[in-house]
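> Predicted model and sequence below, questions to follow.
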Amino acid sequence: MLTILFDGIAYGMLLFVLACGLSITLGLMNFINLAHGAFAMAGGYCSVILVNRLGVPFALGLPLAFLITAALGGLFERTLYVHVYARSHLDQVLFTIGLVFMSVAAVDYVMGSSQQFVLIPEALRGQFIVFGVGMSKYRLLIILICGLLTVGLQLMIAKTRFGSRLRAAVDDQRVARGLGINVGAVFTLTFAFGSGLAGLGGALGAEILGLDPTFPLKFLIYFLIVVTVGGTSSITGPFLASILLGIADVAGKYYVPKLGAFVIYTIMILVLIWRPQGLFARSAAR
Amino acid sequence: MAPLADDVSAYLARRARWSPLEIAFWVFVFATIWLFPGKYLIMKDTAILALFALSLDLILGYAGIISLGQAAFFGLAGYFSGLVAQYGVINEPVIALICAGLAAAALGFVTSFLVLRGSDLTRLMVTLGVSLMLGELANRFSNITGGADGMQGISVGPALGLFRFDIYGHNGYIYCLVVLFICFFIARRIVYSPFGLSLRSVKGNSLRASAIGIPVNRRLVAIYTVSAGFAGIAGGLLTQTTAFCSLDVFSLDRSADLLLVLIIGGTGYLYGGLIGAVIYKFLQDWLASLTPQYWQFWIGLVLVVIVLIGRERVEEWTAALRASISRLGGRFMTRPAAAGGAAPDGR
């Protein structure tokens, strides 16, 4: 029972790191980026190449995966995404689904369609037994890293100058522009950072989630659930939503394995009927 | 006021008249039965895809609802018609098809209330979620649906008790074409009716539409239900003519491809789905023969390029093309097509 809770929390933390970039971009530019999972996949494959093929230590591979994906995200944002912000939602959906298709086929071409695993160091395998509850070391590491990241993110958004600019831009873009905030630059930075986080999540999660070329399509729905259920106006909403989703998914798969993902889809639809703006959204809809 | 009402009804009647070009289009479509006898299978798939795209066009092009969940209705009706044939409940395919369409429409009616709420993103999620949920359900009840292996060897009786589906797909193709034409005819009647016009006004500005007395939500529910029914008929056709149904009918790829079909063909004039389906199938067939494994890459590229160029611009080009074709068509026809073409509609 507690093991399930523990695994669920680890899974949820991972989902949060994967999806929080998406929730910020959605809240900031009202942009539906279905290709977010492609960046997570890029991070996962980066770490596979770095760690397995080039022999980079695992601890160094993670930050590298973050940096490479962030650079990739920034590049894509400047060259491609900027043209699509002002378009209708339909255009955005089409555009990003096109990117997903391209990334799936391109990764399949380069890396092959088989599932990939990152070699994790010996020290992280196995599990601790605490009060009779088995806790895998790797999952503990995930909770640790993701927890630190969450706290860091929250502090950054709440305390720093950049954070207040970001919040201002999310709240009202036009007024923020009027006050002299360079919303475009804020957005590029945020997009790159969010992509980097997704990449880091992909690298960390390759072990748990499994990594193959269909990753962006398989987890797209999870990211979107986190974002729609959590709302896009804060960090805490998506965070709570991903923890809930993680626990519900792990518990659902453990107790009613035959129903599969049915449980979480049902929960999502019920939540959306009850509160179309998300569980934790502020009541004022923009 | 009476002359004005007469004017309006005369204008509407003129707009709804079949132009020579449309008639030529359908004559050509039915002529393909004799023109390309070796290509029945791909042409049949194209006809089904065209009907499916038509169903999406009804809600996207005329009511402005973005949906990633048309596959839910497609799949539900696919399984429905497979099951009734498997267990011998309804052996006659035409009746089974109508029932499948009705079942899908019922699902559409129920889920339409979910679609009314929330923004574009919520709509996307709800429609996608419904189709994924049905997919999981079909997977769960594998003792009935065959699970991941799909339902195989569904034996379908002869259509109307007369025409048996042969392995060359000849009768199957004709069957699909006839169904496509009937559905298209109904859809055409719907969009040229006052009801269809009210939908357009809802799409244009739903606040204003409700201000002039159009019950916006009821209109959206109605068109969503109809569209679900059409999608269901397309799904039923696929199961009946291939004698196979698998979990693939619920997949996200299917709904995403459908959007692409409609974008290639253009939305909001009904033929977009048909033309888009032909182009898409042709493109897919050609790409798949070039790079069997990676054709998805090029499909994705087409999507990205279309959006970057600008969907409106692509539609402008196709509209210009259409206009020049219809001018050509008008010149060759004895009856001038211009009678309804360039009517001053006061906009």
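Nice, thanks for sending it over.
> mind listing the strands for chain B?
B:151-152, B:244-245 (DSSP state E).
> Go through those and find the least confident stretch.
For the strands of chain B, the bottom mean pLDDT is recorded on strand B:151-152, which sits at a mean of 76.
> Please produce TSV containing the strands of chain B, extended by mean neighbour count.
For the C-beta atoms, the positions are set from N, CA and C on the backbone; glycine is no exception. Output for those, formatted as TSV (neighbours: other CB atoms under 10 Å in any protein chain shown):
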stretch	mean neighbour count
strand B:151-152	16
strand B:244-245	22
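> TSV please, covering the ones you listed and showing distance to chain A.
Below are these laid out as TSV (distance: least, CB to the nearest CB, whole Å):
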stretch	distance to chain A
strand B:151-152	19
strand B:244-245	19
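> Just give me the neighbour total for residue A:188.
Neighbour count of residue A:188, defined by other CB atoms under 10 Å in any protein chain shown: 18.
> residue contacts, it?
By CB atoms under 8 Å, 6 or more residues apart in numbering or on different chains, the contact set of residue A:188 is A:74, A:77-78.
> And residue B:189, by the same measure?
residue B:16.
> For it, give me the pLDDT.
Here, the pLDDT recorded for residue B:189 equals 91.
> Distance of it relative to chain A?
26 Å (CB to the nearest CB, to the nearest Å).
> Run the chain-centre distance for stretch A:25-34.
Relative to its chain's centre, stretch A:25-34 lies at 13 Å (CA atoms, centre = their mean, to the nearest Å).
> Any chance you could list what contacts it?
A:22, A:36, A:81, A:84-85, A:89, A:92-93, A:96-97, A:99-100, A:166, A:169-170, A:173, A:186-187, A:190-191, A:194, A:220, A:224, A:227, A:232-233, B:120-121, B:124.
> With only the CA atoms kept, save that stretch in PDB.
Extracted in PDB, the C-alpha atoms of stretch A:25-34 (Å, rounded to 0.1, in the frame of the first residue of the first chain):
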ATOM      1  CA  THR A  25       3.800  28.100 -22.200                       C
ATOM      2  CA  LEU A  26       0.100  27.400 -22.400                       C
ATOM      3  CA  GLY A  27      -0.700  29.900 -19.700                       C
ATOM      4  CA  LEU A  28       1.700  32.500 -21.000                       C
ATOM      5  CA  MET A  29       1.000  32.600 -24.700                       C
ATOM      6  CA  ASN A  30      -2.200  30.700 -24.800                       C
ATOM      7  CA  PHE A  31      -0.400  28.300 -27.100                       C
ATOM      8  CA  ILE A  32      -1.300  24.600 -27.400                       C
ATOM      9  CA  ASN A  33       2.000  22.800 -27.800                       C
ATOM     10  CA  LEU A  34       1.200  19.200 -28.500                       C
END
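> if we can go back for a sec, which of the contacts of stretch A:25-34 fall within helices?
A:22, A:36, A:89, A:92-93, A:96-97, A:99-100, A:166, A:169-170, A:173, A:186-187, A:190-191, A:194, A:220, A:224, A:227, B:120-121, B:124 (DSSP state H).
> rewinding a little: of the contacts of stretch A:25-34, which count as buried by neighbour count?
The neighbour count (16 or more other CB atoms under 10 Å in any protein chain shown) marks A:22, A:36, A:81, A:84, A:89, A:92-93, A:96-97, A:99-100, A:166, A:169-170, A:173, A:186-187, A:190-191, A:194, A:220, A:224, A:227, A:232-233, B:120-121, B:124 as buried among the contacts of stretch A:25-34.
> Can you tell me which of the strands of chain B is nearest to residue B:59?
Minimum separation from residue B:59 across the strands of chain B (CB to CB) falls at strand B:244-245, 24.1 Å.
> ok, and what's touching the closest one?
B:78-79, B:82, B:145, B:150-152, B:154, B:238-239.
> Can you give the strand pairings for it, parallel or anti for each?
Paired with strand B:244-245 in the same sheet, following DSSP bridges, are strand B:151-152 (antiparallel).
> Report pLDDT for residue B:318.
68.
> and if you look at residue B:162?
Reported pLDDT for residue B:162: 67.
> if we can go back for a sec, nearest to residue A:104, of the contacts of strand B:244-245?
Of the contacts of strand B:244-245, the one sitting nearest to residue A:104 (CB to CB) turns out to be residue B:150, at 22.7 Å.
> for that closest one, what are its contacts?
Neighbours of residue B:150 in contact, by CB under 8 Å, 6+ apart: B:244-248.
> same thing but 10 Å
Residue B:150 is in contact with B:79, B:82, B:138, B:244-249, counting by CB atoms under 10 Å, 6 or more residues apart in numbering or on different chains.
> Point out the residues in the stretch 101-250 of chain A that sit beside chain B.
Contacts of the stretch 101-250 of chain A with chain B, taken as CB under 10 Å from any CB of the partner chain, map to A:101-109, A:113, A:213-214, A:217-218, A:220-221, A:224-225, A:227-229, A:232.
> Mind doing that once more with 7 Å?
A:101-102, A:104-106, A:108-109, A:217, A:221, A:224, A:228 (CB under 7 Å from any CB of the partner chain).
> most surrounded residue in these?
Neighbour-wise, these (other CB under 10 Å) top out at residue A:228, 30 neighbours.
> which residue sits closest to that one, ignoring its sequence neighbours?
residue B:125 (4.8 Å; CB to CB, 6 or more residues apart in numbering or on different chains).
> Report pLDDT for that neighbour.
pLDDT, residue B:125: 78.
> ok, now residue B:224?
93.
> so who does the closest residue to it other than its chain neighbours touch?
Excluding its sequence neighbours, the residue lying closest to residue B:224 (CB to CB, 6+ apart) is residue B:112, at 4.0 Å. If you count contacts by CB atoms under 7 Å, 6 or more residues apart in numbering or on different chains, residue B:112 has them with B:220-221, B:224-225.
> So, low pLDDT: which residues of the chain?
Since you didn't name a chain, this refers to chain A. A:127, A:130-134, A:232-233, A:259-260, A:280-286 (pLDDT under 70).
> wait, chain B
B:1-2, B:118, B:161-162, B:167-168, B:311, B:313-315, B:318, B:322, B:325-347.
> Quick one: name the residues of it near chain A.
Counting by CB under 7 Å from any CB, the residues of chain B near chain A are B:66, B:114, B:117-118, B:120-122, B:124-126, B:128-129, B:132-133, B:136-137, B:139-140, B:252, B:256, B:259, B:263, B:293-294, B:296-297, B:299-301, B:303-304, B:307-308, B:311.
> I'd like to know which of these are buried.
Listed as buried from the residues of chain B next to chain A are B:66, B:114, B:117-118, B:120-122, B:124-126, B:128-129, B:132-133, B:136-137, B:139-140, B:252, B:256, B:259, B:263, B:294, B:296-297, B:299-300, B:303-304, B:307, B:311; burial here means 16+ other CB under 10 Å.
> Inside helices: which ones of those?
Of those, the ones assigned to helices by DSSP H are B:114, B:120-122, B:124-126, B:128-129, B:132-133, B:136-137, B:139-140, B:252, B:256, B:259, B:263, B:296-297, B:299-300, B:303-304, B:307, B:311.
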